[in-house]
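Peer 1: here is my input, please return the structure:
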Amino acid sequence: MVAPLTAAPVRALARPELDGAHRWLEAAPPLPRRVAVGLSGGADSMALLLALATAGHEVMAWHVDHGWRAESAAEAAWLGSLVRSWGLAFRSARLASAPGANREAEAREARLRLFARWAREEGVDTVCLAHHRDDQAETVCLRLLQGAGVEGCAGMRPVRELAGLRIVRPLLGVPKAELVAALARAGGPWLEDASNRDTRLLRNRIRHRLFPAMRARGAHPEALFVRLGAQAARLAEELEARAASIPVTCGREGVHVPWPAWRDAAAPVRAWVLQRMARCLLGEGSRLGRRHIEQVEAWLAAGARGGVDLTRCRLERAEGKQGGRLQLRPAGARLP
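Peer 2: The predicted structure follows:
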């Protein structure tokens, strides 16, 4: 049921009650009574908003308009009127369109930074996002195609922390079709975003071309990639446990680890430690690419003399007591 788009105020409507909401949330990570929801207006985020309200949570809806479509301002006004007519708090902002090559990633980071600021202002510590099982399968497939490592191929985490804000995805185990069906039965309206069918985007090609082609051959892509993601997550946990024995020291001038411990670790553990070092030096969300890891492994195999120039940083071996250390510094910085 797609809502008619109008910028005019929405008359007061009874808030729909969603069947199945309690069952969806029983399998989700624990949530406080007061939460925010990232609301795009699509069926999945509307279902999450109403599910949480149905389950008795005090919910506020947060909407971010990136201004990519001519109708987005009218959609934001419509959503605000609708949500307020249900007696729920609504907050929205319009952000400038991201100019970079990876517009979607930049917009996602901008949205999360805004949510973190709103959380501080509202005294909220948890925001819920409506990613569902189909989204998780697409994410795992997308990252596999992009050559991601184990951590990336684990898909989206049910819970993560960002600048003191807890980000929870309660619906990761729920198929989208189940959300849409429950919302339609309840008479809950939603908006359709035409950009979700734009096959110039890799995710949409996966959704509209690859997955249907797999189904036509008798495969079940959602089950397959969710299972692969879960296996990658278990492997990531094992790598994290092994890497934890190698201490990472973060300082103003760089990041370092004990050279013998890093050198003698298995290659996947070495790569894991390097990613921890990169996050410490360059900020949360920063990652070394596959080519960087391969550069470092080739450098190590050649005797680890000199150093390796990576994007925005340089990796070098520093001599010293107890075998020395492996040092990651900003590009242009030198070892003392």
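Peer 1: does Gln327 count as helix, strand or coil?
Peer 2: Secondary structure for Gln327, judged by DSSP: H, G, I helix; E, B strand; the rest coil, is strand.
Peer 1: got a list of what it touches?
Peer 2: Applying CB atoms under 8 Å, 6 or more residues apart in numbering to Gln327 gives the contacts Gly254, Val255, His256, Leu315, Glu316, Arg317, Ala318, Leu335. Quick note: C-beta positions are derived from backbone N, CA and C, even for glycine.
Peer 1: ok, so of those residues, who is nearest Leu210?
Peer 2: Leu315 (36.6 Å; CB to CB).
Peer 1: ok, back up a step: which one of the contacts of Gln327 is nearest to Gln275?
Peer 2: Val255 (11.4 Å).
Peer 1: burial of that closest one, as a residue count?
Peer 2: For Val255, the count of nearby residues is 24 (other CB atoms under 10 Å).
Peer 1: next, it: phi, psi?
Peer 2: With angles defined as degrees, to the nearest 10, Val255 sits at phi -130, psi 140.
Peer 1: contacting residues for it?
Peer 2: Val248, Thr249, Met277, Cys280, Leu281, Gln327, Leu328, Arg329.
Peer 1: cutoff 10 Å now
Peer 2: Neighbouring residues of Val255 by CB atoms under 10 Å, 6 or more residues apart in numbering: 248-249, 274, 276-282, 313, 315, 325-330.
Peer 1: tell me how far the lengthiest helix in the chain lies from the chain's centre.
Peer 2: Longest helix of the chain, by residue count under DSSP state H: helix 221-243. Here the centre of helix 221-243 is set off from its chain's centre by 16 Å, with CA atoms, centre = their mean, to the nearest Å.
Peer 1: going forward, begin numbering at 33 instead of 1
Peer 2: OK, 33 is where the count begins now, so the last one is helix 253-275.
Peer 1: what mean pLDDT does it get?
Peer 2: Mean pLDDT, computed over helix 253-275, is 96.
Peer 1: and stretch 156-164, by the same measure?
Peer 2: Across stretch 156-164, pLDDT averages out at 97.
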